[in-house]
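In: Sequence plus predicted model, see below.
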Amino acid sequence: MKATAEAHPNIAFIKYWGNRNQILRIPANGSLSMNLDSLFTRTTVTFDPNLTTDGLRLNHVPAGGSALSRVSDLLERVRRLANIDTRAEVISENNFPTGSGIASSASAFAALALAASAAAGLNLSEKQLSILARTGSGSAARSVPGGFVEWKPGNSHSSSYAYSIAPPEHWDLADLIAVVSTEHKVTGSTSGHAIADSSPLQAARVDDAPRRLAACRQALLDRDFEKFAEVVELDSNIMHAVMQTSTPPLIYWQPATIAVMHAVRAWRKAGLPVCYTIDAGPNVHILTLKPEHSKVKRLLQEIPGVQDILRAFPGGPAKLIYQEALNV
Ligand code: PMV
């Protein structure tokens, strides 16, 4: 009972921040994202009757604590669905730096949901997998379907899931990730979601979210970069305004983060199709069109504090790459 799956992380154009139900990760608002093709998590799950506890190796290092208990919670859901009691060994690797604004938890829990359910002999639908992945990390719900993905907030466990609104080929976008720090973030998103409501700005952010989401969806479907850029930057700025006004305040930006934000706005004013968006970390995702990405990369390399630049185009869905024949 063994399976291996791969999933891409995603970058949210309209962000998820704050939960209506913290345990089930039912979000306060809907969100919209793109999978990132060149980045991935590869996860192998083996259910083994000889094991007495679940085990986890993350990027070649044995992991315990909260990382293991989050993985074990998802495995427990899979065991209940498959009606088994067997413990599992999970081996997971990322091909990108963990915990610094590149959403490793999204690809990690999407790959885990697929590998664990396949290893347990379940054949879950995309919707069921998205729901399962969501319980490990909210944004993982969006790494299950391919291309451009919307996560419908829903109001219950079974109604909160993500689905594709356009395939990867729909729009030639590029995401250049300006890495300004690879240190592990101080406050992870799970703790961040829990204090979102302590910001007096969160209610206004959530109230206006359906309008921003509709504007972003339309700009994306119309391939209208100008409209897209305005709403994507607005949405990122609003989320960071909430983060910065929470108790305690979460300030993820570093000086180089702000330098990149200013530069991107100046380039757009000068006519380049380019905009920024930032997750719960200091690194900046610079969105542009594929034909312009080499030029934008060269410009980014000149900004002091930019240590590295990762590049991704729209990516496909989570996929199973190995499944051992079940001897049942
Ligand atoms: O899935 P989580 O708990 O890592 O939350 C993700 C939160 C943001 O990355 C900041 C926004 C988003 O929608 O991806």
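Out: Nice, thanks for sending it over.

In: Can you read off the backbone torsions of the spatially closest residue to Tyr161 that is not a sequence neighbour?
Out: Spatial nearest neighbour of Tyr161, excluding adjacent residues (C-beta to C-beta, 6 or more residues apart in numbering): Ser130 at 4.1 Å. (Glycine included, C-beta is placed from N, CA and C.) Dihedral pair for Ser130: phi -60, psi -40, per degrees, to the nearest 10.

In: what's the spacing between Ser130 and the ligand?
Out: For Ser130, the distance to the ligand equals 13 Å [C-beta to the nearest ligand atom, to the nearest Å].

In: just how off-centre is stretch 251-263 within its chain?
Out: Centroid displacement of stretch 251-263 relative to its chain, using C-alpha atoms, centre = their mean, to the nearest Å, is 21 Å.

In: Repeat that for stretch 131-146.
Out: So, by C-alpha atoms, centre = their mean, the centroid of stretch 131-146 is 8 Å from its chain's centroid.

In: Only alpha carbons, please: show it as CSV.
Out: C-alpha atoms of stretch 131-146 as CSV (Å, rounded to 0.1, in the frame of the first residue of the first chain):
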residue,chain,number,x,y,z
ILE,A,131,-11.7,19.1,0.5
LEU,A,132,-9.2,16.6,2.1
ALA,A,133,-6.1,18.7,1.2
ARG,A,134,-7.9,21.8,2.7
THR,A,135,-8.0,20.3,6.1
GLY,A,136,-4.1,20.2,6.2
SER,A,137,-3.6,23.7,4.8
GLY,A,138,-6.3,25.9,3.4
SER,A,139,-4.4,26.9,0.3
ALA,A,140,-3.7,23.2,-0.5
ALA,A,141,-7.3,23.0,-1.7
ARG,A,142,-6.2,25.1,-4.6
SER,A,143,-3.2,23.0,-5.5
VAL,A,144,-5.3,19.9,-6.4
PRO,A,145,-7.0,21.2,-9.6
GLY,A,146,-4.9,22.5,-12.5
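
In: Over it, what's the mean pLDDT, rounded is fine.
Out: Averaging pLDDT along stretch 131-146 gives 98.

In: From Asn237, how far out is the residue nearest to Tyr161?
Out: Distance of Ser130 to Asn237, given as C-beta to C-beta, to the nearest Å: 28 Å.

In: higher neighbour count, these two?
Out: The residue with more neighbours, out of Ser130 and Asn237, is Ser130; 26 against 14, by other C-beta atoms under 10 Å.

In: The more buried one and Val144 touch, don't they?
Out: Yes: applying C-beta atoms under 8 Å as the test, Ser130 and Val144 come out as touching, 4.3 Å apart.

In: joint contacts of the two?
Out: The contact sets of Ser130 and Val144 overlap at Ala162 (C-beta atoms under 8 Å, 6 or more residues apart in numbering).

In: tell me the domain boundaries of the chain?
Out: Following automatic domain parsing, the chain resolves into domains at 2-169, 171-312.

In: Are we agreed that Pro282 is in a strand?
Out: No: counting by DSSP: H, G, I helix; E, B strand; the rest coil, Pro282 is not part of a strand but coil.

In: Write out the residues of the chain neighbouring the ligand.
Out: Counting by C-beta under 6 Å from any ligand atom, the chain comes close to the ligand at 12, 15-17, 31, 103, 105-106, 137-139, 189-190, 193, 279-280.

In: re earlier: how close does the residue nearest to Tyr161 get to Arg142?
Out: According to C-beta to C-beta, Ser130 and Arg142 sit 8 Å apart.

In: repeat for Val61
Out: 27 Å.

In: same deal with Gly64?
Out: 28 Å.

In: So which of the two has more stuff around it?
Out: Between Gly64 and Arg142, counting by other C-beta under 10 Å, Arg142 is the more crowded of the two (31 against 9).

In: Can you classify that one by secondary structure?
Out: On the basis of three-state DSSP, Arg142 is classed as helix.

In: now swap in the one 3 residues further on and tell me
Out: Reduced to three states with three-state DSSP, the structure at Pro145 is coil.

In: One more: the one 4 residues further on?
Out: Remark: Val149 carries the secondary structure label strand [criterion: three-state DSSP].

In: from memory it sits against Met34, does it?
Out: Yes: look at Val149 against Met34 with C-beta under 8 Å: they come within range, at 7.4 Å.

In: List of residues touching the helix or strand where Ala266 lies?
Out: Ala266 is part of helix 255-269, with elements assigned from DSSP states H and E. Residues outside helix 255-269 that contact it (C-beta under 8 Å, 6+ apart): 178, 180, 229, 233, 274-276, 278, 282-284, 286, 296, 299-300, 303-306.
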